[in-house]
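Peer 1: this is the structure alone, sequence omitted:
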């Protein structure tokens, strides 16, 4: 297997209030793989994802990228690496309400200063079935459509890894299935790695992904004995 | 990095158009008031300037207090580049009597033919004939003075000087629209004046130049040519112009404070909007925007609001000034005004526009700084 996209070494996270959310997490995220991280509410799924997304600094341990601890990098270098290599999908899509779907999708490229000729927002919106809704605003589309646009936005910068936090949490089962099918289809073609955090075990099957469980502040390859 | 925040700023201004309109109108209202007041100040300045210039030469060459110029400097003064005409005058305090009425005046004795080239007095004659006046045997007085004395053309009055007095026929009545001149100036022929003061000299020379707006540039050359004390026209009414300038400065400062109040209003709008936009800001930060770019996003919105408010305010003020300048007013006759003294202060519009932009930018500094502190993790946790 080739080198990992991101590696966590003995990562821990303690919040100011004193609660220990993560404790001694070590994990190599390989390129192109699919993982579903299962855990109950408050188990640390979102914390793990924001640490993987280089948005949250761990209280202990290291986040390794290109053989270096990213938290020793200057802020700008970290931000640049993040925008060039990672894509995000959140539960409620995280669309910016003032921008159309197409403008939302192209936003990461605008921020990176990519020339307009190389923007792929339209193409990706067609791929996720929203070609006709490109000029609609987020409040004019359904939750499922907004989530598909969020996937297009996560992929527009050709990321190596997509982090999705409860991407189907606000959707009905049929829509959740559609979103997963879309992830699979796009991943087949674009070869990005995918880490999904959810409490919905069905996503393991839908995404044909390797499951990991998060409990007691650590990642495990098997579920807790008492169930989630 | 591309200037993406300009694009997003414009989108946000449009999306929150009601709040944007409120901010822009707030700035525009203050700017309109500022420009209208500046136009009034300009109008009053122009009004007095124009009227004073009707009977005041662009420059005067004087020997000094109680001194007479005996030498004729006309040819030397005319040789100065830009000088169009020159005329001698004799000026002294006097009293005009008609019956039991008497009014103190400044008497100006002029050579009518030469004076006509400097001031074009014939245009100002309200009563009387220029042919009669130019003979230089009678007296010409301001319309207000004539009213105070109850004098008309053809009446006889007595002009009393510090040395002598002489009976004179009223040959003409002039009107400038400036009360100070119309009530306090009487003109006689140069010979009459010299007889009254028993002198063959003159007080000085009045000079007309090609470009009176550059009047200061003629002072030194004229002084070199004539060897006399040179005074520009505005120096004669310095008190008036100083008081107008002081009034203008005070009004401008009052309106600058009005602008500050409108800036506080705009700041409140943006603080509220910043609260609503925390989510968008957090997402932009997660997508790679830096804190300084987030500040830029808000600064651009303030700048555009200021620019738009400034432009709208200036346009509204232009329309208001046009309307006010065409409005007929009925003021007591002493004001000599049929229309409001208002002239478009176009030369001030640039700094006023800059003040509007500064207002918009100042108003968003606090919200912008607050937004740079939005933690993307917190926003991500909320939307996740």
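Peer 2: Great, that's in hand. All values derive from a computational prediction rather than experimental measurement.

Peer 1: what comes up buried for stretch A:166-180?
Peer 2: By neighbour count with 16 or more other CB atoms under 10 Å in any protein chain shown, stretch A:166-180 contains the buried residues A:166-171, A:175-180. The way it works is simple: take the backbone N, C-alpha and C, and place the C-beta from them, glycine included.

Peer 1: centroid residue for chain A?
Peer 2: Chain A has residue A:163 as the residue nearest its centroid, 1.3 Å off, counting by CA atoms, centre = their mean.

Peer 1: partner strands of the helix or strand in which it is found and their direction?
Peer 2: In the assignment (DSSP states H and E), residue A:163 maps to strand A:161-165. The pairing partners recorded for strand A:161-165 under DSSP bridges are strand A:86-89 (parallel), strand A:193-198 (parallel).

Peer 1: dump these into TSV; add distance to residue A:35 and mean pLDDT as well.
Peer 2: Listed next are the strands paired with strand A:161-165 as TSV, based on distance: least, CB to CB, whole Å; pLDDT from 0 to 100:
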stretch	distance to residue A:35	mean pLDDT
strand A:86-89	14	91
strand A:193-198	5	93
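
Peer 1: pipe those strands into TSV and attach distance to residue B:149 and mean neighbour count per row.
Peer 2: TSV is the format used below for the strands paired with strand A:161-165 (distance: least, CB to CB, whole Å; neighbours: other CB atoms under 10 Å in any protein chain shown):
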stretch	distance to residue B:149	mean neighbour count
strand A:86-89	93	26
strand A:193-198	101	25
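
Peer 1: what comes up buried for stretch A:196-213?
Peer 2: For stretch A:196-213, a neighbour-count test (16+ other CB under 10 Å) marks A:196-198, A:200, A:203-204, A:206-207, A:209, A:211-213 as buried.

Peer 1: let me fix that, I meant to ask about stretch B:131-146.
Peer 2: So, applying 16+ other CB under 10 Å, buried residues of stretch B:131-146: B:132-134, B:136, B:138-146.

Peer 1: show the subsequent helix or strand relative to the strand holding residue A:163.
Peer 2: Immediately after strand A:161-165, counting by DSSP H and E, sits helix A:173-190.

Peer 1: so which elements touch that following helix?
Peer 2: Packed against helix A:173-190 by the contact rule (3 or more CB pairs under 8 Å, 6 or more residues apart in numbering or on different chains; DSSP states H and E) you find helix A:143-155, helix A:202-207.

Peer 1: in TSV, list those helices along with mean pLDDT and distance to residue B:278.
Peer 2: Shown next, in TSV, are the helices and strands packed on helix A:173-190 (pLDDT from 0 to 100; distance: least, CB to CB, whole Å):
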stretch	mean pLDDT	distance to residue B:278
helix A:143-155	90	19
helix A:202-207	90	30
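
Peer 1: which one of the ones you listed lies closest to residue B:111?
Peer 2: Ranking the helices and strands packed on helix A:173-190 by proximity to residue B:111 (CB to CB) places helix A:143-155 first, at 88.4 Å.

Peer 1: nearest residue to residue A:166 other than its sequence neighbours?
Peer 2: residue A:91 (4.0 Å; CB to CB, 6 or more residues apart in numbering or on different chains).

Peer 1: count of neighbours near that neighbour?
Peer 2: 22 (other CB atoms under 10 Å in any protein chain shown).

Peer 1: quick one: it is in a strand?
Peer 2: No - assessed with DSSP: H, G, I helix; E, B strand; the rest coil, residue A:91 is coil; it does not lie in a strand.

Peer 1: pretty sure residue A:36 contacts residue A:196?
Peer 2: Yes - applying CB atoms under 8 Å as the test, residue A:36 and residue A:196 come out as touching, 4.9 Å apart.

Peer 1: what do those two both touch?
Peer 2: The contact sets of residue A:36 and residue A:196 overlap at A:203, A:207, A:209 (CB atoms under 8 Å, 6 or more residues apart in numbering or on different chains).

Peer 1: where does the residue lying closest to the first one once chain neighbours are set aside sit: helix, strand or coil?
Peer 2: Setting aside the residues directly before and after it, residue A:203 is nearest to residue A:36 in space (CB to CB, 6+ apart), at 5.2 Å. Here residue A:36 is recorded as strand under three-state DSSP.

Peer 1: name the residues of chain A found near chain B, please.
Peer 2: A:46, A:49-50, A:53, A:55-56, A:75-76, A:79-80, A:82-83, A:88, A:90-94, A:96-99, A:103, A:107-108, A:110-113, A:165-166 (CB under 8 Å from any CB of the partner chain).

Peer 1: may I see the PyMOL selection of the buried members of those residues?
Peer 2: Buried residues among the residues of chain A next to chain B (16+ other CB under 10 Å), as a PyMOL selection:
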select buried, chain A and resi 46+49+50+53+55+56+79+80+82+83+88+90+91+92+93+94+96+98+99+103+107+108+110+111+112+165+166
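
Peer 1: strands along chain B, start to end?
Peer 2: Using DSSP state E, the strands of chain B run over B:59-62, B:83-98, B:101-110, B:125-128, B:139-142, B:156-160, B:165-174, B:185-189, B:204-209, B:229-232.

Peer 1: just the buried positions in stretch B:92-99, please.
Peer 2: B:92, B:94-98.

Peer 1: counting neighbours, what do you get for residue A:132?
Peer 2: 9.

Peer 1: so it sits in a helix?
Peer 2: Yes - under three-state DSSP, residue A:132 falls within a helix.

Peer 1: separation between it and chain B?
Peer 2: Noted for residue A:132: a distance of 21 Å to chain B, by CB to the nearest CB, to the nearest Å.
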